[in-house]
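Trainee: Generate a structure from the sequence data that follows.
(6 chains)
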Protein chains: 4
Amino acid sequence: MTEKRASIGARRNPDTETAVLDAAAEVLAEKGISGLSMEAVAKRARAGKATLYRWWPTRGALLLAVYRRMKFDDHYPDTGALESDIAGVLALVLDHWRGGTAQVFRSIIAAAQAEPDVNAALTEFRLERRDALVRVIHRAEARGELAPGLAPEALADAVIAMLWLKLLSDQTDADPAELARVLTHGWTQG
Amino acid sequence: MTEKRASIGARRNPDTETAVLDAAAEVLAEKGISGLSMEAVAKRARAGKATLYRWWPTRGALLLAVYRRMKFDDHYPDTGALESDIAGVLALVLDHWRGGTAQVFRSIIAAAQAEPDVNAALTEFRLERRDALVRVIHRAEARGELAPGLAPEALADAVIAMLWLKLLSDQTDADPAELARVLTHGWTQG
Amino acid sequence: MTEKRASIGARRNPDTETAVLDAAAEVLAEKGISGLSMEAVAKRARAGKATLYRWWPTRGALLLAVYRRMKFDDHYPDTGALESDIAGVLALVLDHWRGGTAQVFRSIIAAAQAEPDVNAALTEFRLERRDALVRVIHRAEARGELAPGLAPEALADAVIAMLWLKLLSDQTDADPAELARVLTHGWTQG
Amino acid sequence: MTEKRASIGARRNPDTETAVLDAAAEVLAEKGISGLSMEAVAKRARAGKATLYRWWPTRGALLLAVYRRMKFDDHYPDTGALESDIAGVLALVLDHWRGGTAQVFRSIIAAAQAEPDVNAALTEFRLERRDALVRVIHRAEARGELAPGLAPEALADAVIAMLWLKLLSDQTDADPAELARVLTHGWTQG
DNA sequence: TTGTAACCGAGACGGTACGTCTCGTCTTGCA
DNA sequence: TGCAAGACGAGACGTACCGTCTCGGTTACAA
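Mentor: The predicted model follows:
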């Protein structure tokens, strides 16, 4: 996106948005999160800084926009059994991260610890993902597979927690099947 | 620590270390992680910036030093049953965080995503905590309580993952007993 | 110039330039050359350090800009005789220096010994002044007053040399008439 | 001077002095005046900073000590005529500077413009050199060669002024004979 | 048809913080 | 006591970004 862009009137220019998100993704890939300054993105995108701030007021907003473009297929497979369903979800997400989005999402979690608006956006995103997981668990419940007295939301949280831990500690190459077993099996016997 | 400090020869001055860590903790409490600049800490501690950088080369190193001083009682209670042991661990850590260290540890995890040295230190810390958890699980194993085929390290990871998720998503007020139940119970029946 | 200044678009703000040069002159007058740090000038001018460095990359450049603003009347009087013309020039410059610019010009000469760009600017300035002197000498030549075999440039250098020596050795109160006599008269008789 | 030096008791160690002045001269030659920090000299000389400050309290004092070690033969030749005597003096000094001491002396003059103690030392040195020149002029006076009404000190100043100008403006390769002619000849005829 | 409103790239502005450097002072432990 | 060593408080250095602004130009829509 090197050709000159200008205003297309009193409304947002989609070319500019594309150029900015492309530039942000490139900078992120090349220099990592600490190199992702608004300044650098504006320069790389040949965009004015004011334009950036108009549409993405914080670095976190920019990060989230980049991550959202990297949308993965959130159609979680139905294998007919909870453990393998969970394993499928874990595999899907870990694959997605290993495909190159890990750095971006790690950076978002990091940014959320300091910037409230990023935190809010991340919470929204997390709950949305949790709902998708809860739907998987409800399928198991409908099959009469689920043990009584366990909140599906809490179980979904356990899955998400494990994913985040693996992401944040550079272990996106973990084995989904084993993780699923640890999460869904009872730890104790009898 | 307002009185003037000076060199005590060609070696580290413990008074300075105390003053710096005190200052860092105060700044963190007052202005949060984004207000914790090396500049501000140096000014508050009445220390030279070079002195800071000599002993704590990055902000993450400083954060870790502050966190280490907030050492909690890591004597995990032995209740005679795994689930209540885990609940005890969760309660201990969540209490510790609610007591004021949550902000610090969240910041460390965030910093670790960008700074390799902080990442390394955090990994070391995490494995150390995991070992303590593994010892709890080994107690259950010795009692014949543990189901076969589950790696204690993986189980410990699940506990740590849940704790981190609660920390990172502002839920340090979660109920340890319920979390322990979700983690240790089997999700499925039969 | 205490009221707030801001950008006037993507081009230089003359108010800022004025404020900076005023501040530099004030700092110089109050604390001398060793107190003239970029930091101090920026603070006094309520200007950003980056703005200073953008337009005056070195301390010497700033000094030269200050000196150029203190432009003296370079209309050298025509008395009809070389010696009194030279005495007039000497008096003019020494007066100018005693009027408060001595410190600035001394600092420029000092800075030029370490910073090449200041050296270049000072050389340019020196040659420009020498040309003005050469014109005075040419007037004498036209009157048939000048002895043969003497390069006007070399004679002008002798005048400038004497001025610089007096400046650099705190003797700006020297007697222009006597200096002119020493310079223009033959030392030997017969 | 790389071997370890130690105290020789409660008095100054000449080895240390040599090592320090050697180091200062080397640093000056390699990095110029702006690189000549007390820090750098101490490190290069393997001397303690306290030792430096004990014997050479300012950078100027160190510079002067270095310059004094580069003592030139100040036996000004007696040719029997003032102009050629002056030419000899000019040649001697310019040669000395071209031999490698120019940088040092330029730096001293520069330092003297900001540091009063260096200024005092330089003045002392300058007057000492002027006295030597005055003696040359007195020889001419004794021969009845000198025109009446001219102060030998003022004439000597003119010579020194010309030398300093050439030094400060990178013209140490000037022709001593021509400079002497310009200085000693009358500018006007008749 | 003509404002005019909001967009665009550009980049200067006042600032803050960075990490490095040097200053001059100090305390130690060895010789 | 002198010395090498080097930590200390202090603060200037020059750089990088921050978020805001003004500019001059462009385009679409309303009057």
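
Trainee: Need the contact partners of the strand or helix carrying residue A:30.
Mentor: Here residue A:30, judged by DSSP states H and E, is contained in helix A:14-31. By CB atoms under 8 Å, 6 or more residues apart in numbering or on different chains, the surrounding residues in contact with helix A:14-31 are A:1, A:5, A:8, A:35-36, A:40-42, A:44-47, A:51-52, A:55-56, A:62-63, A:65-66, A:69, A:100, A:103-104, A:107. To be clear about C-beta, it is placed using only N, CA and C from the backbone, and glycine gets the same treatment.

Trainee: Then stretch A:45-52?
Mentor: A:1-2, A:4-5, A:16, A:19-20, A:22-24, A:38-39, A:41-42, A:62.

Trainee: Using PyMOL, define a selection of the buried residues within those.
Mentor: Per 16 or more other CB atoms under 10 Å in any protein chain shown, the buried members of the contacts of stretch A:45-52 correspond to this PyMOL selection:
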select buried, chain A and resi 5+16+19+20+22+23+24+38+41+42+62
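
Trainee: so how many other residues sit close to the residue of chain A found nearest chain C?
Mentor: Nearest residue of chain A to chain C (CB to the nearest CB) works out as residue A:48 at 9.7 Å. Close neighbours of residue A:48, defined as other CB atoms under 10 Å in any protein chain shown, add up to 12.

Trainee: now swap in residue A:171 and tell me
Mentor: For residue A:171, using other CB under 10 Å, the count is 12.

Trainee: Pull out the buried positions in the helix or strand containing residue A:54.
Mentor: With secondary structure defined by DSSP H and E, residue A:54 is part of helix A:49-55. In terms of neighbour count (16+ other CB under 10 Å), helix A:49-55 has its buried residues at A:51-52.

Trainee: CA atoms only: put that helix into PDB for me.
Mentor: Extracted C-alpha coordinates of helix A:49-55, given in PDB (Å, rounded to 0.1, in the frame of the first residue of the first chain):
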ATOM      1  CA  LYS A  49      -0.700  10.600  13.200                       C
ATOM      2  CA  ALA A  50      -3.900  12.500  13.700                       C
ATOM      3  CA  THR A  51      -5.600   9.900  11.500                       C
ATOM      4  CA  LEU A  52      -4.400   7.100  13.600                       C
ATOM      5  CA  TYR A  53      -5.500   8.700  16.800                       C
ATOM      6  CA  ARG A  54      -8.900   9.500  15.300                       C
ATOM      7  CA  TRP A  55      -9.700   5.800  14.700                       C
END
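
Trainee: distance between that helix and the chain's centre?
Mentor: 24 Å (CA atoms, centre = their mean, to the nearest Å).

Trainee: Correct me if wrong, but residue A:139 is in a strand.
Mentor: No - Residue A:139 is assigned helix when assessed by DSSP: H, G, I helix; E, B strand; the rest coil, not a strand.

Trainee: Leaving out the residues flanking it, which one is nearest to it?
Mentor: residue A:78 (6.5 Å; CB to CB, 6 or more residues apart in numbering or on different chains).

Trainee: three-state assignment of the one you found?
Mentor: Under three-state DSSP, residue A:78 comes out as coil.

Trainee: pretty sure it contacts residue A:86?
Mentor: No - counting by CB atoms under 8 Å, residue A:78 stays clear of residue A:86, with 11.9 Å between them.

Trainee: what residues are shared contacts of these two?
Mentor: residue A:136.

Trainee: more crowded one of those two?
Mentor: Ranked by neighbour count (other CB under 10 Å), residue A:78 and residue A:86 place residue A:86 first, with 29 against 11.

Trainee: residues touching that one, list them.
Mentor: Taking CB under 8 Å, 6+ apart as the test, what residue A:86 contacts is A:136, A:159, A:180, A:183-184.
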